[in-house]
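Peer 1: I need the structure of the sequence given here:
(4 chains)
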Protein chains: 2
Amino acid sequence: MTHARNLDRPTIGTVARQARCSPATVSRVINASGPVSADARARVERAVAELRFRPDVHGQSLRSRRYRAIGVVVPSYTNPVFANSLAGIESTARDAARMVFTAATDYAPERELAIVEGLLAQRPEGLLLTVADADRCEALDRLDRARVPYVLVHNHPADSRRHAVAVDNFGASRDITAALIAAGHCRFAYVSGSFRTTDRGRRRFDGCVAALAQAGLPPPALAELDYMGSPQDHRRDLTALLGGGETPTALVCSNDHLALSVAAAVRTLGFSVPDDISIAGFDGIAIARLMTPSLATVETPTQAMGAAAMQRLLRLIDGERPAATVELFPYQLRSGGTCSAAPSDQTGGERRRATTT
Amino acid sequence: MTHARNLDRPTIGTVARQARCSPATVSRVINASGPVSADARARVERAVAELRFRPDVHGQSLRSRRYRAIGVVVPSYTNPVFANSLAGIESTARDAARMVFTAATDYAPERELAIVEGLLAQRPEGLLLTVADADRCEALDRLDRARVPYVLVHNHPADSRRHAVAVDNFGASRDITAALIAAGHCRFAYVSGSFRTTDRGRRRFDGCVAALAQAGLPPPALAELDYMGSPQDHRRDLTALLGGGETPTALVCSNDHLALSVAAAVRTLGFSVPDDISIAGFDGIAIARLMTPSLATVETPTQAMGAAAMQRLLRLIDGERPAATVELFPYQLRSGGTCSAAPSDQTGGERRRATTT
DNA sequence: CTGAAAGCGCTTACAG
DNA sequence: CTGAAAGCGCTTACAG
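Peer 2: Numbers count the residues shown, from 1 in each chain, chains lettered A, B, ... in the order given. A predicted model of the protein is given here:
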């Protein structure tokens, strides 16, 4: 009668017995960590295969003080931006024989520390994170103290003693705004979640403002929406912005996810996109290209950024000590059907009456 | 001079010394696993806080033979369906104090076994998986032999000795096809990835065929697209289907992700959606509702399904032995602008000429 | 209520 | 090239 308990999973001792050698020799074969005779190696390999032996990582990690696992913190799984970087991260990790722990903050900065603590208890080799604000983040301070290597993804710390992989959020936002100015727009609104609380949100906003200032235009009207809200919520929030006489003709949105929802909301308010109102996003999520009209946006290589962050982390783990820098990936403006020339009757005053559908 | 090595992370021994007690007492406090005097408890709690002590999970797991971690296998992170179930899984896991390992198969069944082996080496309490075909899957056979509990998500095994959380793919696909038939369509095509290789793909296809048969209509034309391909690829693949004289008026797509790409491709071929061709999806991803026209589809509660699968797994881990069943979640037809009544000139013959844009 | 001791599955100097 | 022994950080009977 066999023990039900864990089905007697083989240990290194089981393998050693079957291969007629010591556990040390089995370990040397498995890890290629020392000289083993061809004969012994063959016996061990045979036993490993027959028993389907895989060393227990807890035993390995405890003794060797090395656990080939990476902790990953994302704000959300369902935003395609983070899904993409996660895909890049995990596939690179797999190639490097690393397991990946994932945890989502649900955009709540106050959860970041607890999540990082939970991850640290696993004793990973390092972490990859997208946090709200890399310049004021207890979780990162904790990692610094614990001397656990980490790389930020999408964050853009001002204090660049932190490793990060990002795009030039300021420049990209400035450029896409400038493109709208060039298309004749002069009444802008900036639509975002609570952008003050994230470093990339602030940079994107600042880029928009900078482009307008450079063109001698007033700063954008502001619409701060609940990022997690429904299109119905967004429609409600946009009513004030679009109901007045000075309706903006161009909405610069802080990200694509939001821009898609805003486009839908604006349409149900009775405006045409882009004939009445042009809409620009940020990120370049694949699905936004499939819409008709397609979303004008800033294309960012999110998956490659995830992969690059993982590669950088692997270098840190291997003991390299490159200067901490924010590695900026190239972005690209993607023109799209949601942006067109400004309407010709842009003299202000009463425009099309907003109607709810 | 302190050791650089791992910053001398405190161990249970460090805490014991500082609290003037034995490691056993510290362990009892941390795990609430035995009687401790109020006084000793206070000293330990103080020391734990001061030292920021978190027990090393490898030590805990090795000794207690219990590791509060779950392995999750998804086909892809970037398909919103799996991103959603992952979100449901991870948030439920967090509430139950479980860490989550994630790995993607990239839709390649041949990677499933290796991924599961890697996960098993971590000694997780259980696994949650979405595999290609739950009826023929080495990875699942392996899990059965290892007696590691697992629950399938989205899979729909015929052999229901396996725990699964899914929707009635057959019924839902039959229903949405029937709705198109009721709208007057009689020339159908079924558009999918390589549906023969996944259990849910087969059921969805069968449901479509069944609805047509019941209405006395011929089976659908078939377009098997590379699911991971670009819209350009899809346009190329659809040219043959739509170029002939007997152009279908209704495309039933095996999932929303594909349906969005197909809708874009069909439009660039010169057809109007839905005036010339109606398109139906499957899954109910949020973003498809934002499109104009919105995607008609089958809404499935993907996040709730992930959460339910995790809950079921937790029960299995706790030693409950409920009969293995496929738990079917309710689905809902979502009408949308991509589906309309069949065009009136449905007498066959040459329709609108396909043009490439 | 408390602590000493054993041991989980491994790896790694060390001695041969 | 090989194995005996120690020990990684914990938990858990066991004895008191």
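
Peer 1: for the helix or strand of chain A with the lowest mean pLDDT, which helices and strands make contact with it?
Peer 2: Here the helix or strand of chain A ranked lowest by mean pLDDT, DSSP states H and E is helix A:231-243, holding a mean of 83. Where contact means 3 or more Cβ pairs under 8 Å, 6 or more residues apart in numbering or on different chains; DSSP states H and E, helix A:231-243 is packed against strand A:221-224, helix A:256-268. (Glycine included, C-beta is placed from N, CA and C.)

Peer 1: can you count the residues close to the closest residue to chain B within the stretch 101-250 of chain A?
Peer 2: Residue nearest to chain B within the stretch 101-250 of chain A (Cβ to the nearest Cβ): A:Ala121, separated by 4.4 Å. For A:Ala121, the neighbour count with other Cβ atoms under 10 Å in any protein chain shown is 16.

Peer 1: got it, and A:Ser76?
Peer 2: 19.

Peer 1: can you name the residues that contact it?
Peer 2: By Cβ atoms under 8 Å, 6 or more residues apart in numbering or on different chains, the contact list for A:Ser76 reads A:Phe82, A:Ala104, A:Thr105, A:Asp106, A:Tyr107, B:Ala87.

Peer 1: over to A:Ile89: give its phi and psi.
Peer 2: phi -60, psi -50 (degrees, to the nearest 10).

Peer 1: next one: the nearest residue in space to it that is not next to it in sequence from DNA strand C, what distance?
Peer 2: Counting by Cβ to Cβ, 6 or more residues apart in numbering or on different chains, A:Gly306 is the residue found nearest to A:Ile89 once chain neighbours are left out, at 4.2 Å. Using Cβ to the nearest atom of the strand, to the nearest Å, we find A:Gly306 at a distance of 29 Å from DNA strand C.

Peer 1: again, but for A:Arg200
Peer 2: Taking Cβ to the nearest atom of the strand as the measure, A:Arg200 falls 40 Å from DNA strand C.

Peer 1: now do the residue nearest to that residue when sequence neighbours are not counted: how many residues are near it, please.
Peer 2: Nearest residue to A:Arg200, sequence neighbours excluded (Cβ to Cβ, 6+ apart): A:Asn169, at 4.8 Å. Counted with other Cβ under 10 Å, residues neighbouring A:Asn169 total 27.

Peer 1: quick check: pLDDT value at A:Asn169.
Peer 2: Looking at A:Asn169, its pLDDT stands at 96.

Peer 1: correct me, but it touches A:Arg203?
Peer 2: Yes. A:Asn169 is within contact range of A:Arg203, at 3.8 Å (criterion: Cβ atoms under 8 Å).

Peer 1: so what's in contact with these two at the same time?
Peer 2: By Cβ under 8 Å, 6+ apart, the residues touching both A:Asn169 and A:Arg203 are A:His156.

Peer 1: what's the burial count for A:Ser254?
Peer 2: There are 27 residues near A:Ser254, going by other Cβ under 10 Å.

Peer 1: ok, it - contacts?
Peer 2: A:Ser254 sits in contact with A:Tyr190, A:Val191, A:Ser192, A:Gly193, A:Phe195, A:Gly201, A:Arg204, A:Phe205, A:Phe282, where contact means Cβ under 8 Å, 6+ apart.

Peer 1: now, which of those residues lie within strands?
Peer 2: Judged by DSSP state E, strands contain the following of the contacts of A:Ser254: A:Tyr190, A:Val191, A:Ser192.

Peer 1: excluding residues flanking it in the chain, which one is nearest the last one?
Peer 2: Put plainly, it is A:Ser192. A:Ser254 (3.5 Å).

Peer 1: one step back: quick one, which of the helices and strands packed on helix A:231-243 gets closest to B:Met310.
Peer 2: Among the helices and strands packed on helix A:231-243, the nearest to B:Met310 by Cβ to Cβ is helix A:256-268 (25.0 Å).

Peer 1: so for that closest one, mean pLDDT?
Peer 2: 90.

Peer 1: send me it as PDB with only the CA atoms.
Peer 2: In PDB, the C-alpha atoms belonging to helix A:256-268 read as follows (Å, rounded to 0.1, in the frame of the first residue of the first chain):
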ATOM      1  CA  ASP A 256      -6.100  54.500 -25.800                       C
ATOM      2  CA  HIS A 257      -8.400  52.600 -23.500                       C
ATOM      3  CA  LEU A 258      -9.900  55.800 -22.300                       C
ATOM      4  CA  ALA A 259      -9.900  57.300 -25.800                       C
ATOM      5  CA  LEU A 260     -12.100  54.400 -27.100                       C
ATOM      6  CA  SER A 261     -14.500  54.900 -24.300                       C
ATOM      7  CA  VAL A 262     -14.500  58.700 -24.800                       C
ATOM      8  CA  ALA A 263     -15.100  58.300 -28.600                       C
ATOM      9  CA  ALA A 264     -18.100  56.100 -27.900                       C
ATOM     10  CA  ALA A 265     -19.400  58.600 -25.300                       C
ATOM     11  CA  VAL A 266     -18.900  61.600 -27.600                       C
ATOM     12  CA  ARG A 267     -20.800  59.900 -30.300                       C
ATOM     13  CA  THR A 268     -23.800  59.100 -28.100                       C
END
